[in-house]
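>>> can you look at this prediction? I've put the sequence above it.
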Amino acid sequence: MNNQVKNRRILIVDDNEAIHADIHSILEPPKENAELNSLTAALFDGVAPTSTDAIKYEIDSAFQGQEGFEMLRKSYAEGSPYALAIVDVRMPPGWDGIQTIQEMKKIDPYLQVAICTAYSDYSWQSMLDKFGINDWLLILKKPFDVVEVKQLACSLTEKWNLSKRVSMRTVELEQSVEDHALQLEIANAKLQEQVQSLADTNSHLSREMEARREADEQLRHIAFHDALTGLPNRVMLSERIGECIDRSKRQQSYHFSVLYCDLDNFKIVNDSLGHRVGDQLLVHIGERLRNALRTTLESIRAGYDMVSRLSGDEFVVLLDDVEGAEHALLIAERVREVVCQTVKIDQNELVPSISIGVAMSSGEYDDATEMLRDADTALYHAKDNGKCCVSMFDSNMRTQVTNRMNLESDLRRAIEEEQFVVYYQPIVSLLTGEIVSLEALVRWQHPVQGMLSPDAFISVAEETGMIDAIGEFVFREAVDQVGHWKSSLPEAEQLSVSINLSPRQLRNRRIIGVISESLKNSGFDPSALKIEVTESAMMTDLAMVRSIIEDISAMGVEFYLDDFGTGYSSLSILHTLPFSTIKLDRSFVSNLDKELESPTTIQAIVMLARNGGVKLVAEGIETYAQLCYLRELDCEYGQGYYFSKPKPKREIEELLRKGAKHLVQPEGAAAKSLPALAN
């Protein structure tokens, strides 16, 4: 009997919490059953009768495709892979089940999968077209039968364990084949001596032995090379890196390096031109990488360096015996330049782009996996820096990757648990002190780190698409709250609220429905809603942005141009889009009493706004002197810490009752001896 602990880890990926609960209740037996199994095992000398109910599963849950993928990737990297993934087909708004399964299989080819769904955007035939007929995928239709789920979980996890054992046995057999090939070579040498003397009688035997040798060599080549490009595969690469690690531990002066290379946007080639063109491109890239090492640069020796293909569009270059990090980077740049040249495939001219992560040998590496991991981390950093570049690994990168992954995970949990709150900052009339509007600003009440400002998480939310869910929350919360104030406080009857749109939201027509629905559900006056956008957010796909802004404006909603004065084409943007107000960037206000040009610039902007029939709000007012300067320059409205920092709704309600008249018209010492405005 095999005493090895079997992998019974199961990952459920479904946006319906009830499905998770159902599968848990089916596969996790009640406590009394567990106690009965334990007693039965004791009675049978530690071996309980075989039963699916006696199997102890380790079950984890994910509620979106990307989340499930990240959990699987992390578990696989930590050496505790999942045996079975039960995946729903439809999981809006992220990946659907098909994409999720495709990405998971790239990480773990042994993963068994059950598609769990009652309906799908895909027909069963289309699923077969996607995955083919195979033995690792089963379809579990909702509502599912308890016995069916138990049998499926038992069978597929058992199949994963059997596949893993077969894989391990295959490695042993490959080693056996290698040993056998060596023995055959020795035997061939001895037989050749006999053949020379017995050529006329042993010619048939000689031909047979030659055929065996060729077959063994072919088998070895298949086991250690990539079928598409003919380059060494991961097995041979790992062996070579292991040899280099052993040598580096024996010789302190010896250094080697690994270049982890990945084609940028390769998926677009496959999707637009087909996999045949994609395969040909991979063959071209393999040849270019191999030829890039045969240069006149010193210490680049073709007989020692090696190019391998791991999978997909990932290649690894092993540089043997380099002088140091600078030398490795020099070679990496050479490789990047050679690859990034136009290639013609059929009638298509393609310009490949490649990102490279570099890991340098050090005494801390004990096996090839560690070094490849660090090179892959550096590659991730290169991709994050804009692609088509080279990045050298350092320990901080690993920390950054870990922190980034933790932040993404925390953000998803924050959206599910509604950990976000809305703060408000007043916009004040500089003449009367009346609070005319509030800017809604999101904050994250992190359960560990406390209250976080947008700088800590908005960029990640934008990149991952989570900004859509956060933005929808801000719209609903701000419209409902300000609507309540307008109806309950006489001081807030004419109050409006401004809400920021990120670049991603501004290029997604979904935002039109979000705004329309928020206004409809709350009964909020559209004219009291202001949308703030920055000029930089409109620089990509201006036609789409213009269409979205015009559709929202048609509801009666006004647009503010935020951070005005920092862009290179502010005037053209101002004249081509329906902005009712421009918000002067805080840099002008902060330099108002320091630089002679600032008052002149502000005065010109005031005239520009007045001539264009738009209002002007000065941001970043922190002192009474700045307020007076702006008032003297005929600026109507202001916003900044002088009036109020962003505050929660309870404190803002108190401020609305009080107003800001005492700030714009102070008495006593505060009103005396103000600096004169420069001429």
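Perfect, I can see it now.

>>> show me the longest helix that occurs in this structure.
helix 146-197 (DSSP state H).

>>> elements contacting that one?
strand 9-13, helix 17-27, strand 84-87, strand 112-117, strand 137-141, helix 203-224 (3 or more Cβ pairs under 8 Å, 6 or more residues apart in numbering; DSSP states H and E). Using the backbone N, CA and C atoms, a C-beta is placed for each residue, glycine as well.

>>> of the ones you listed, which is nearest residue 639?
helix 17-27 (42.1 Å; Cβ to Cβ).

>>> in terms of secondary structure, what does the closest one contact?
So helix 17-27, by 3+ Cβ pairs under 8 Å, 6+ apart, packs with strand 9-13, strand 58-62, helix 146-197.

>>> on that earlier part again, kindly provide the whole-number mean pLDDT of the longest helix of the chain.
Averaging pLDDT along helix 146-197 yields 82.

>>> okay, the helices and strands packed on helix 146-197, which one's buried deepest?
strand 84-87 (a mean of 28; mean count of other Cβ atoms under 10 Å).

>>> just give the number of residues close to residue 645.
11 (other Cβ atoms under 10 Å).

>>> what of the one 10 residues further on?
The criterion is other Cβ under 10 Å. On that basis, residue 655 has 17 neighbouring residues.

>>> need the pLDDT of it.
91.

>>> now swap in residue 447 and tell me
93.

>>> contacts only, for the closest residue to it other than its chain neighbours.
Spatial nearest neighbour of residue 447, excluding adjacent residues (Cβ to Cβ, 6 or more residues apart in numbering): residue 419 at 7.0 Å. Shown in contact with residue 419 (Cβ atoms under 8 Å, 6 or more residues apart in numbering): 413, 444, 445, 446, 447.

>>> what about residue 419, distance to residue 410?
9 Å (Cβ to Cβ, to the nearest Å).

>>> okay, and the common contacts of the two?
Common neighbours of residue 419 and residue 410 (Cβ under 8 Å, 6+ apart) are residue 446.

>>> returning to that earlier point: out of the contacts of residue 419, which sit inside helices?
Among those, the members falling in helices (DSSP H) are residue 413.

>>> which secondary structure elements does the host helix or strand of residue 287 contact?
Per DSSP states H and E: residue 287 is located in helix 275-292. Helices and strands touching helix 275-292, by 3+ Cβ pairs under 8 Å, 6+ apart, are strand 257-263, helix 266-273, strand 306-311, strand 314-319, helix 325-339, strand 343-345.

>>> closest one to residue 520 among these?
Closest to residue 520 of the helices and strands packed on helix 275-292, according to Cβ to Cβ: helix 266-273, at 37.8 Å.

>>> give me the buried stretch members for the closest one, please.
266, 269, 270, 273 (16 or more other Cβ atoms under 10 Å).

>>> of those residues, closest to residue 98?
Nearest to residue 98 among these: residue 270, at 15.5 Å, using Cβ to Cβ.

>>> any idea how far the closest residue in space to that closest one that isn't next to it in sequence lies from residue 266?
With Cβ to Cβ, 6+ apart as the criterion, residue 270 has its nearest non-adjacent residue at 4.2 Å, and that residue is residue 278. Taking Cβ to Cβ as the measure, residue 278 falls 7 Å from residue 266.

>>> okay, now residue 243: neighbour count?
Around residue 243 there are 14 residues (other Cβ under 10 Å).

>>> where does it sit: helix, strand or coil?
What DSSP: H, G, I helix; E, B strand; the rest coil gives for residue 243 is helix.

>>> same question for residue 582.
strand.

>>> surely residue 321 meets residue 328?
No: judged on Cβ atoms under 8 Å, residue 321 makes no contact with residue 328 at a distance of 11.0 Å.

>>> neighbour count winner among these two?
residue 328 (24 against 18).

>>> what sits closest to that one if chain neighbours are left out?
Going by Cβ to Cβ, 6+ apart, residue 328 has residue 257 as its nearest residue, at 3.9 Å.

>>> could you give the bridge partners of that neighbour?
In this entry, residue 257 is beta-bridged to residue 319, residue 360, by DSSP bridges.

>>> show the contacting residues for it.
318, 319, 322, 325, 328, 331, 358, 359, 360, 361.

>>> try it again with 7 Å
By Cβ atoms under 7 Å, 6 or more residues apart in numbering, residue 257 lies in contact with 319, 322, 328, 358, 359, 360, 361.

>>> most widely separated two among the residues you listed?
Spatial extent of those (Cβ to Cβ) is set by the pair 322 and 359 at 11.9 Å.

>>> more neighbours: these two, which one.
Using other Cβ under 10 Å as the criterion, residue 322 and residue 359 rank with residue 359 on top: 25 against 22.

>>> wait, the more buried one sits on residue 369?
No: with contact defined as Cβ atoms under 7 Å, residue 359 does not reach residue 369; the gap is 11.7 Å.

>>> list residues touching both of these two?
Joint contacts of residue 359 and residue 369 (Cβ under 7 Å, 6+ apart) do not exist.

>>> ok, now how distant is residue 507 from residue 577?
From residue 507 to residue 577 the distance is 14 Å (Cβ to Cβ).

>>> same question, residue 144
From residue 144 across to residue 577, the span is 53 Å (Cβ to Cβ).

>>> how about residue 428?
Residue 428 sits 26 Å away from residue 577, going by Cβ to Cβ.

>>> so for the two, which residue has more residues nearby?
Remark: of residue 428 and residue 577, residue 428 carries more neighbours, 27 against 18, as counted by other Cβ under 10 Å.

>>> residues contacting that one?
Here residue 428 is in contact with 434, 435, 436, 637, 638, 639, 643, 660 (criterion: Cβ under 7 Å, 6+ apart).

>>> secondary structure class for it?
Of the three states, residue 428 takes strand under three-state DSSP.

>>> next one: residue 437
With three-state DSSP as the criterion, residue 437 reads strand.

>>> show the contacting residues for it.
Residue 437 neighbours (Cβ under 7 Å, 6+ apart): 427, 495, 496, 497, 498, 530.

>>> what is the burial count for the last one?
The reference is to residue 530. Counted with other Cβ under 10 Å, residue 530 comes out at 20.

>>> so what's the gap between the strand or helix carrying it and the chain middle?
Assigned by DSSP H and E, residue 530 falls within strand 529-534. Offset of strand 529-534 from its chain centre (Cα atoms, centre = their mean, to the nearest Å): 28 Å.

>>> stretch 508-527 too?
Stretch 508-527 sits 29 Å away from the centroid of its parent chain (Cα atoms, centre = their mean).

>>> try stretch 62-75
Remark: stretch 62-75 is offset 12 Å from the chain centroid, using Cα atoms, centre = their mean.

>>> so how far is residue 418 from residue 406?
20 Å.

>>> cool, residue 180 as well?
Applying Cβ to Cβ, the value for residue 180 to residue 418 is 64 Å.

>>> same deal with residue 473?
Using Cβ to Cβ, residue 473 is found at 7 Å from residue 418.

>>> what does residue 513 give?
Counting by Cβ to Cβ, the gap from residue 513 to residue 418 is 21 Å.

>>> alright, I will stop here.
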